[in-house]
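[1] no sequence on hand, only this structure:
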């Protein structure tokens, strides 16, 4: 913890780098990814403060849209699209995802009931031809695509897509290599960026 504290102490000693941030934010991208500590959107993309609006959830799950029970995730998506006017939304799954691994392998989550109940939002369990694969690559990719499709059910997203003012992207990040792949609709495969 001490190295993190030391960095936090010196972080604000460069006020000239941060003054413009007080004027507001105008990120172009909503980046939806897992809460996993190995997945750091700003490191992956090289983004500076103010360039990414982030939504991090266990298993990069986008819950179903409902007005009856609004969620923090829905509020973040709506704010990014309606208020900030992002032009792109990236859903980024990652290799070695514990949440997707639990879904694929049917892990016993009784000791973590909040996690178990959250994962129920994942829709169907992601398909994997090799559930023993520690990277759960195929399952993570299928899962990320499912979350991307779920985004289309959000009224603000559907409206912006129809108007041609929003693009949806699906990425897969390999924590063991640092490689980033993007889903290509024309080939229905994940290819290196």
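    Noted; the coordinates are in hand. The model shown is predicted, which means the values in this text are computed figures rather than measured ones. Numbering: from 1, shown residues only.

[2] and the helices in the protein?
    2-11, 41-45, 72-78, 98-105, 113-119, 137-151, 155-162 (DSSP state H).

[3] for residue 170, find the nearest of those helices.
    helix 137-151 (4.7 Å; CB to CB). Where C-beta positions appear, they are placed from N, C-alpha and C, glycine not excepted.

[4] so the closest one versus helix 155-162, what angle?
    90 degrees (axes from the mean of the first three to the mean of the last three CA atoms, to 10 degrees).

[5] among the helices of the chain, where is the model least confident on average?
    Lowest mean pLDDT within the helices of the chain: helix 2-11, at a mean of 78.

[6] quick one: the helices of the chain as JSON lines, columns for distance to residue 54 and mean neighbour count too.
    Listed next are the helices of the chain as JSON lines, based on distance: least, CB to CB, whole Å; neighbours: other CB atoms under 10 Å:
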{"stretch": "helix 2-11", "distance to residue 54": "18", "mean neighbour count": "8"}
{"stretch": "helix 41-45", "distance to residue 54": "6", "mean neighbour count": "16"}
{"stretch": "helix 72-78", "distance to residue 54": "8", "mean neighbour count": "16"}
{"stretch": "helix 98-105", "distance to residue 54": "17", "mean neighbour count": "22"}
{"stretch": "helix 113-119", "distance to residue 54": "18", "mean neighbour count": "13"}
{"stretch": "helix 137-151", "distance to residue 54": "15", "mean neighbour count": "22"}
{"stretch": "helix 155-162", "distance to residue 54": "17", "mean neighbour count": "16"}
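
[7] I'd like these as CSV, with distance to residue 58 appended.
    CSV is the format used below for these (distance: least, CB to CB, whole Å):
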stretch, distance to residue 58
helix 2-11, 22
helix 41-45, 16
helix 72-78, 11
helix 98-105, 5
helix 113-119, 6
helix 137-151, 12
helix 155-162, 21
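
[8] residue 171 is nearest to which of those helices?
    helix 137-151 (7.4 Å).

[9] residue 45 reaches residue 39, doesn't it?
    No - Residue 45 is not in contact with residue 39 according to CB atoms under 8 Å; the separation is 11.3 Å.
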